[in-house]
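Student: sequence below, structure please.
(one chain, ligands or ions: 3)
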Amino acid sequence: MKKFYIRTFGCQMNVYDSRLVREILLSSGFVEVQNPEDADIVLSNTCSVRQKAEERGVKFLRDMKKLGKITVMLGCVAQQHGGEEVIEGVDLAFGTRSYRLIPHALQSLLNGSLLEERIMARDFGLLELTDAPLKRKATGISEFINIMQGCDNFCSYCIVPYTRGREVSRPAEHIIKEAKNLEKQGVVEITLLGQNVNSYFDGRFQFYELLQFLDRETNFLRIRFTTSHPRDLTYSVLRTIAESKSITDWIHLPLQAGSTKILKMMRRGYTKDEYIEITKNIRKVLPEATITTDIMVGFPGETEADFEETIDVVRTVKFDHAFTFIYSPRPGTAAARLKDDVTPEEKGKRLRVLIEEVNKAAHEKRVQMIGKFYEFLVEGHSRKDSSLSAGRNRGFIKGVILGNYPVGTYLLGKVIDVRGLAPIVKPIKVIDHFELFENATVSV
Ligand code: SAH
Ligand code: SF4
Ligand code: F3S
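Tutor: Ligands and ions are numbered 1, 2, ... in the order given. Take a look at the predicted model:
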């Protein structure tokens, strides 16, 4: 029996896809191993959102090829580059919607009868049609569920519409079935995934209706979703969260840039003021909402004044957390035709300033949590101190829990009440949703 190892780069979509691929391979008789060195077949689920991400996924496969492994490339780089030079050293590559072809192609490769191409199905015709999502085994107490594929937004800097194809929503019934199957296995939290979940529409249900449906039909402790495009987040979604039993008030709302001029060049479809207005509306309906974001610096034509506008939004909105990036031109995107005219030094400087501002705002938000009570879902133990439990509040704020609980045993997947104690400050890094909590009453 052939052994496989799969490594995942990039976003949660890839994490989800890797779980399906694992399921597909296991049900075809392959065996999973935990170390690449022990595997016959090594799969890399790649990301091409920025150049560095792309390089990491490709380098991993090249290293594995040197060790004599059968190498398989999945994900966005495989989709984007196909048979071009980047795939050198790769035995098989699969486009992002062709994973059900993997076992057959692998078998053919193993028994020397591979007649088809090495590079499989890069047209988007082959929508995933396996029943892997409905059969898959849960790997923990919290799981992702992909509710849609692709993206139609074509933000000018972004490769995703080219690597994931046009937007297609999965039928709500499938999603509910997948959710129920996970619930039966002890999963207590699900996160619904899509590049733009707010534009979900399966022909019958809109996103807020899917949320209502899931909230009604399942008994998860928490239902989360990401990503929300600011242009498409609706009042109905916010109301649904407010009225639901399990949908949490965490909104990931990528800003990208604060300057309306840059936002227009990015084709984001909102202005600086509109973005700020949306965050105010979120807080009107959901006063305790956690708002997180993605921000980029150094987009072509971004002046110091434009960058200041980004800082101004960070100060105004006070995000709980932000993922921060340096703009990276991606081949084939509209922005790649613009001159990448912000110097690397300037980009680096802006990133540092941005992180500092994000941290200031996040820290302020954490300080406001001191002494307040929160419902905490225990997800495991602290990475730094394995004698302490760690988890998140409803708003997705991570924390370490002080208290004499046996870790990872009966508390895992349970909700306890905790009181905010003190923020942990990590000076150079963006505060990673991090907070110390002490336990108050236990409600397990
Ligand atoms: N669908 C989501 C996220 C897609 S990619 C959304 O619309 O927000 C995740 C993040 O990567 C983006 O939010 C963006 O901040 C960043 N990103 C995308 N393309 C990039 C590029 N070319 N250079 C740098 N960062 C990029
Ligand atoms: Fe990329 Fe924009 Fe689509 Fe997000 S919404 S995946 S940034 S094109
Ligand atoms: Fe990367 Fe593809 Fe996700 S480019 S961010 S893995 S959709």
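
Student: pLDDT at P423, what is it?
Tutor: Looking at P423, its pLDDT reads 71.

Student: same thing with the one 10 residues further on?
Tutor: H433 is assigned a predicted lDDT (pLDDT) of 41.

Student: and if you look at A390?
Tutor: A390 is given a pLDDT of 84.

Student: likewise for the one 4 residues further on?
Tutor: Confidence per residue is given as pLDDT, and for R394 that number is 92.

Student: any weak-confidence spans in the chain?
Tutor: 82-87, 114-130, 403-410, 424-444 (pLDDT under 70).

Student: what's near enough to touch D306?
Tutor: With contact set as C-beta atoms under 8 Å, 6 or more residues apart in numbering, D306 has these partners: 257-259, 261-262. Quick note: C-beta positions are derived from backbone N, CA and C, even for glycine.

Student: make sure it is indeed in a helix.
Tutor: Yes. The assignment for D306, made by DSSP: H, G, I helix; E, B strand; the rest coil, places it in a helix.

Student: how about stretch 243-253, which residues are buried there?
Tutor: 244, 246-253 (16 or more other C-beta atoms under 10 Å).

Student: which SS state does F225 fall under?
Tutor: strand.

Student: re the thing from before, of the contacts of D306, which is the nearest to ligand 3?
Tutor: A257 (18.2 Å; C-beta to the nearest ligand atom).

Student: now the closest one: how far from G391?
Tutor: 33 Å (C-beta to C-beta, to the nearest Å).

Student: now do P344
Tutor: 39 Å.

Student: how about the residues of this protein that lie near ligand 2?
Tutor: 151, 153-155, 158, 160-161, 195-196, 229 (C-beta under 6 Å from any ligand atom).

Student: quick check: buried residues in the single longest helix found in the chain?
Tutor: If you go by DSSP state H, the chain has its longest helix at helix 344-367. Residues 347, 349-351, 354-355, 357-359, 361-362, 365-366 are the ones in helix 344-367 that count as buried (16+ other C-beta under 10 Å).

Student: helix or strand right after it?
Tutor: strand 373-381 (DSSP states H and E).

Student: okay, the angle between the helix or strand following that next one and strand 373-381?
Tutor: Note on strand 373-381: by DSSP H and E, the next helix or strand toward the C-terminus is strand 389-393. Calculated by axes from the mean of the first three to the mean of the last three C-alpha atoms, to 10 degrees, strand 389-393 forms an angle of 130 degrees with strand 373-381.

Student: strand 389-393 pairs with which strands, parallel or anti?
Tutor: Counting by DSSP bridges, the strands paired with strand 389-393 are strand 373-381 (antiparallel), strand 398-402 (antiparallel).

Student: just the buried members of the residues of the chain next to ligand 2?
Tutor: Buried, going by 16+ other C-beta under 10 Å: 151, 153, 155, 158, 160-161, 195-196, 229, out of the residues of the chain next to ligand 2.

Student: give me the residue from the stretch 201-350 of the chain nearest ligand 3.
Tutor: For the stretch 201-350 of the chain, C-beta to the nearest ligand atom, closest residue to ligand 3: R330, 8.8 Å.

Student: excluding chain neighbours, what is closest to that residue?
Tutor: I159 (4.2 Å; C-beta to C-beta, 6 or more residues apart in numbering).

Student: residues near the one you found, how many?
Tutor: Neighbour count for I159, taken as other C-beta atoms under 10 Å: 23.

Student: check contacts around it.
Tutor: I159 touches 48-49, 76, 80, 330, 332-333, counting by C-beta under 8 Å, 6+ apart.

Student: at 10 Å instead, please
Tutor: Each residue near I159 by C-beta atoms under 10 Å, 6 or more residues apart in numbering is listed here: 47-50, 54, 76-77, 79-80, 328, 330-333, 336.
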